[in-house]
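**Student:** Provided below for reference: sequence and predicted model.
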Amino acid sequence: GAGVSQSPSNKVTEKGKDVELRCDPISGHTALYWYRQSLGQGLEFLIYFQGNSAPDKSGLPSDRFSAERTGGSVSTLTIQRTQQEDSAVYLCASTRSRISPRETQYFGPGTRLLVL
Amino acid sequence: GQNIDQPTEMTATEGAIVQINCTYQTSGFNGLFWYQQHAGEAPTFLSYNVLDGLEEKGRFSSFLSRSKGYSYLLLKELQMKDSASYLCAVRGDSNYQLIWGAGTKLIIKP
């Protein structure tokens, strides 16, 4: 497909389990973002990847959260020992580059995570 | 701190006009974005303003006043499919991060 894809679309897990969320950016897009969107809240920045540069992990809420991007394309967000407060929609977005301030972010449909 | 404020919810009638406001306080300013997000779907880009004034794009227009830290999205000839959340986001002094508002849920009634 031409857009950003994410999987799974929905994930229900038990408290304490680990989960992996996957993002496939648009081909050729060098920048990739992960966001968390809770009900009634704005998009919360989690992590940013740009090419081969070191990622900006400043938005990760705790050390239970980690992300990697292999080969400059697919990214995986891992949440270890999930807690109920981790329940949210996790959105991935990609852009062609960071050079232009007007660069548009293209979003995937998100993964809806529910921690019981 | 950095802050973006939008109304939580607005209701309008099909065929009418609605204005969704966004005020911001950020360190630096390199443009303001509006995105539309239908329930359960991905946000999609609507507009980008970096200079003061009104930018028109079909039924949607976006206005910016940098001196007032203020923007609005104007939707004309409302259709039922315009029922969605509208997100305001500002690029401050970061060359890649956006600061996001909580979004305005727009409900269109027949």
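**Tutor:** Perfect, I can see it now.
**Student:** what does chain A have sitting close to chain B?
**Tutor:** A:3-4, A:31, A:35, A:40-45, A:48, A:50, A:56, A:91, A:98, A:101-102, A:104-110 (CB under 8 Å from any CB of the partner chain). For glycine as for every other residue, the C-beta is placed from the backbone atoms N, C-alpha and C.
**Student:** how about a cut-off of 6 Å?
**Tutor:** Where proximity means CB under 6 Å from any CB of the partner chain, the interface of chain A facing chain B comprises A:41-43, A:45, A:48, A:98, A:101-102, A:104, A:107-109.
**Student:** among those, which lie within helices?
**Tutor:** The helices, defined by DSSP state H, take in nothing from those.
**Student:** just flag the most distant two among those residues.
**Tutor:** Farthest-apart pair in those is A:P101 and A:P109; separation 26.1 Å (CB to CB).
**Student:** these two: which is more packed in?
**Tutor:** Set side by side, A:P101 and A:P109 show more neighbours around A:P109, with 17 against 14, by other CB atoms under 10 Å in any protein chain shown.
**Student:** right, and that one touches B:G40 too?
**Tutor:** No - using CB atoms under 6 Å, A:P109 makes no contact with B:G40, being 7.9 Å away.
**Student:** find residues that contact each of the two.
**Tutor:** Counting by CB atoms under 6 Å, 6 or more residues apart in numbering or on different chains, A:P109 and B:G40 have no common neighbour.
**Student:** of all residues in chain A, which one is nearest the centre?
**Tutor:** A:W34 (2.9 Å; CA atoms, centre = their mean).
**Student:** setting aside sequence neighbours, what's the nearest residue to that one?
**Tutor:** Counting by CB to CB, 6 or more residues apart in numbering or on different chains, A:L46 is the residue found nearest to A:W34 once chain neighbours are left out, at 4.2 Å.
**Student:** can you count the residues close to the one you found?
**Tutor:** A:L46 has 21 nearby residues by other CB under 10 Å.
**Student:** how about the contacts made by it?
**Tutor:** A:34, A:36, A:59-60.
**Student:** tell me which two of the residues you listed sit farthest apart.
**Tutor:** Between all members of the contacts of A:L46, the farthest pair (by CB to CB) comes out as A:R36 and A:L60, at 9.9 Å.
**Student:** what about B:L64, neighbour count?
**Tutor:** 22.
**Student:** oops, could you answer that again for B:E56 instead?
**Tutor:** 12.
**Student:** same check on the one 4 residues further on?
**Tutor:** The burial metric for B:F60, expressed as a neighbour count using other CB under 10 Å, is 17.
**Student:** now do the SS call for A:E85.
**Tutor:** Secondary structure of A:E85, reduced to three states by DSSP: H, G, I helix; E, B strand; the rest coil: helix.
**Student:** related to what we said a few turns ago, isn't the residue nearest to the centre of chain A right up against A:I47?
**Tutor:** Yes - under the criterion of CB under 6 Å, A:W34 makes contact with A:I47 at 4.9 Å.
**Student:** please enumerate the shared neighbours of the two.
**Tutor:** A:A67.
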